[in-house]
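Novice: structure, please.
(one chain, ligands or ions: 1)
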Amino acid sequence: MSVPKLAPTATGLVFGRVPPPARLRDDYIDKPAGWAALGPRTIRGVCLHRTLGGPIVTTGDYFRTFDARFDDGGHGWNALTDWGVGLDGTVLRWNGDNERSPHANGPVANPEGDAVAFLARYGAAAVNRDLESIELEGLTYDSPVTSALMEAVVELIAWRIDRAMIPWHIWPQNRDGLQAIYWHGEFGPKDCPGPVVRARTDELIDRVQARLRAHQLQTAPAPARSILPGLDEALARSWFGTVVAGGRAYTFDPTGPVSRLWIAHGRETGSWPTLIAVEAHGDRRYFRFANGFTIWTAPGREAAFLRDQPATNARPERQVG
Ligand SMILES: [Zn+2]
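Specialist: Residues are numbered from 1 along each chain as shown. Now for the predicted structure:
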């Protein structure tokens, strides 16, 4: 996916931490379908649909088995949607990143609502190219939406919107200030996704926003990445501890120089001391740990244990020594 240049936003937002849906399954439809000629996709939002069929796996089969015999002027052979969400909460991925544009949103006819501004800004090709299309299982437009489907759609949209680097406080708009969630019917004469989904859209937007906020502000727990057998990132964060000094909080950061040295040392010695103080002296920082260790940092040099033989730096140097 090509990501548009990030406009200035509130500081402190972290993208890329929203996890994918719990019940995500790859169901890639391998056919030269979709509107590839529309070019690379820049995701500017999502568009909601109802399958008018079920269960959701059969919708994928329906797209998958289409061949030229069913072509009705471009719709049949090209039929493709990005995502399908089942009543049981299964999320099927039918397309890849930045590949074929789906056809699901169809040609534009009688746009209404937010679609008018979208078309004026991005043009008609963007309707399929720049909106990820999401099919919600339902035999009819009036079929109820299950709580499992609702939760899965929240997870899916939050994940995709975060991937598009849309901040939680801007959602449900995108970074151009345009709506980032649409109903298919806004771009065409169809009723899709129907009254039941439309009636639940405000709730959907609110829940997506809460999920974006929790992860982009890092108020949600980090994914439990493994550091070594028996120690995942969440536990390492807990053991490392938090020290507030000089107006900032020092916590475990698996990519930070001090935390990486702490991990390397722990892997070798089995000692995982807690950070108890951070002191600044000039441009030097001293990270003092409960077992008496001190790691220090200064501009232009790597983090190191403070001692006479500063050999416990990067692992390659240790192995040479
Ligand atoms: Zn539709």
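
Novice: close to the ion: what parts of the stretch 51-200 of the chain are there?
Specialist: Within the stretch 51-200 of the chain, the positions near the ion by CB under 5 Å from the ion are 184, 192. Where C-beta positions appear, they are placed from N, C-alpha and C, glycine not excepted.

Novice: can you show me the strands along the stretch 51-200 of the chain?
Specialist: Listed in chain order, the strands of the stretch 51-200 of the chain (DSSP state E, counting those that start in this stretch) span residues 83-85, 91-93, 131-136, 181-183.

Novice: can you tell which of the ones you listed is closest to residue 109?
Specialist: Taking CB to CB, strand 181-183 is the member of those nearest to residue 109, at 14.2 Å.

Novice: and stretch 227-243, how far from the chain's centre?
Specialist: Computed by CA atoms, centre = their mean, to the nearest Å, the separation of stretch 227-243 from the middle of its chain amounts to 23 Å.

Novice: now do stretch 281-300
Specialist: 35 Å.

Novice: swap in stretch 157-173?
Specialist: Offset of stretch 157-173 from its chain centre (CA atoms, centre = their mean): 8 Å.

Novice: distance to residue 294 and mean pLDDT added to the strands of the stretch 51-200 of the chain, as JSON lines?
Specialist: Formatted as JSON lines, the strands of the stretch 51-200 of the chain follow (distance: least, CB to CB, whole Å; pLDDT from 0 to 100):
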{"stretch": "strand 83-85", "distance to residue 294": "51", "mean pLDDT": "95"}
{"stretch": "strand 91-93", "distance to residue 294": "48", "mean pLDDT": "95"}
{"stretch": "strand 131-136", "distance to residue 294": "50", "mean pLDDT": "95"}
{"stretch": "strand 181-183", "distance to residue 294": "51", "mean pLDDT": "97"}
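
Novice: could you measure from residue 156 over to residue 203?
Specialist: According to CB to CB, to the nearest Å, residue 156 and residue 203 sit 15 Å apart.

Novice: more neighbours, the two?
Specialist: Under the criterion of other CB atoms under 10 Å, the comparison of residue 156 against residue 203 puts residue 156 first, with 24 against 12.

Novice: isn't the more buried one up against residue 135?
Specialist: No - look at residue 156 against residue 135 with CB atoms under 8 Å: they stay out of range, at 11.0 Å.

Novice: mind naming the longest helix for this structure?
Specialist: Identified as the longest helix of the chain according to DSSP state H is helix 194-216.

Novice: returning to what we had before: dump the strands of the stretch 51-200 of the chain to JSON lines, plus mean neighbour count and distance to residue 162.
Specialist: Output for the strands of the stretch 51-200 of the chain, formatted as JSON lines (neighbours: other CB atoms under 10 Å; distance: least, CB to CB, whole Å):
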{"stretch": "strand 83-85", "mean neighbour count": "28", "distance to residue 162": "15"}
{"stretch": "strand 91-93", "mean neighbour count": "22", "distance to residue 162": "15"}
{"stretch": "strand 131-136", "mean neighbour count": "26", "distance to residue 162": "13"}
{"stretch": "strand 181-183", "mean neighbour count": "23", "distance to residue 162": "14"}
